[in-house]
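>>> got a predicted model here, sequence first, then my questions.
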Amino acid sequence: MENIGSLFNSISNRYDRFNHTASMGIDRCWRRRAIRSLPKCQLVLDVAAGTADLCIETIRKCKAQKVVGVDISEGMLDVGREKVRRKGMSDKIELLVADCAHLPFEDNTFDAVTCGYGVRNFAELDKSLAEIFRVLKPGGQLRILEFTYPTNKLVRFFYDFYFTRIVPRIGKRLTDNGEAFVYFMQSVKSFAKGRDFVAILERNGFSDTSFKSQTFGISTLYKACKR
């Protein structure tokens, strides 16, 4: 966990610029779709909140009264706090350093939990999902966005070329940290996807699970709830 936190601390100041450039801006559409799929919520938790993009989108689209974002990277959260301040949302968004495997909240606290492109970084996946289940209210909704390795051979060819040849060059130019992009590709390729990840959600108590691939399978939206 400390290594992941240090990795994201090292690229935090230019993470947003890299993220939007590498995804050609499509990541914004993926986040909007995820939040639009939520029912109206009062209190939302965003885990692996990073620089607070999903927190901000939740206030805008879901009209939540408050969003609490947690992340292990203080550097990423500092960028997020400044972004939240500039948008005049400091009274509605609170960002805290916390480990997803040990969430500092009471049982049955949140109406919904979101996670945007961070679940594959969980050091203790089952324990973190169990913690998310614990802090959700009965009937609470879970939305997870995650990068996925495409199954279509043609799409995979272009994906591999883009993320092994082009993205590292963008990343090194913007962040001077090549290690981050080696990790990115390795984590996407090795992480469970589709039905395999749905099975992990169900193993940790979630029901009404589903998944939908986006943009040729390079991103997937997972839905689940706590009964």
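The structure has been received and is ready for your questions. Residues are numbered from 1 along each chain as shown.

>>> I'd like the next helix or strand past the helix or strand bottoming out on mean pLDDT in the chain.
Using mean pLDDT, DSSP states H and E, helix 15-22 stands out as the lowest-scoring helix or strand of the chain, at a mean of 67. With elements assigned by DSSP states H and E, the helix or strand that comes after helix 15-22 is helix 26-36.

>>> export that following helix to PDB, keeping only CA atoms.
Extracted C-alpha coordinates of helix 26-36, given in PDB (Å, rounded to 0.1, in the frame of the first residue of the first chain):
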ATOM      1  CA  ILE A  26     -13.200  10.000 -22.800                       C
ATOM      2  CA  ASP A  27     -12.700   9.400 -19.100                       C
ATOM      3  CA  ARG A  28     -15.100  12.300 -18.400                       C
ATOM      4  CA  CYS A  29     -17.900  10.600 -20.300                       C
ATOM      5  CA  TRP A  30     -17.300   7.400 -18.400                       C
ATOM      6  CA  ARG A  31     -17.600   9.200 -15.100                       C
ATOM      7  CA  ARG A  32     -20.800  11.000 -16.100                       C
ATOM      8  CA  ARG A  33     -22.400   7.700 -17.200                       C
ATOM      9  CA  ALA A  34     -21.500   6.100 -13.900                       C
ATOM     10  CA  ILE A  35     -23.000   8.900 -11.800                       C
ATOM     11  CA  ARG A  36     -26.100   9.200 -14.000                       C
END
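
>>> ok, the closest residue to residue 33 other than its chain neighbours - how many residues close by?
Leaving aside its chain neighbours, residue 33 sits nearest to residue 221 (6.5 Å; criterion: Cβ to Cβ, 6 or more residues apart in numbering). Every C-beta, even on glycine, is put in place using the N, C-alpha and C of the backbone. Residue 221 sits with 18 neighbouring residues when counted by other Cβ atoms under 10 Å.

>>> you'd agree residue 221 is in a strand?
Yes. Assigned with DSSP: H, G, I helix; E, B strand; the rest coil, residue 221 falls within a strand.

>>> many thanks, have a good one.
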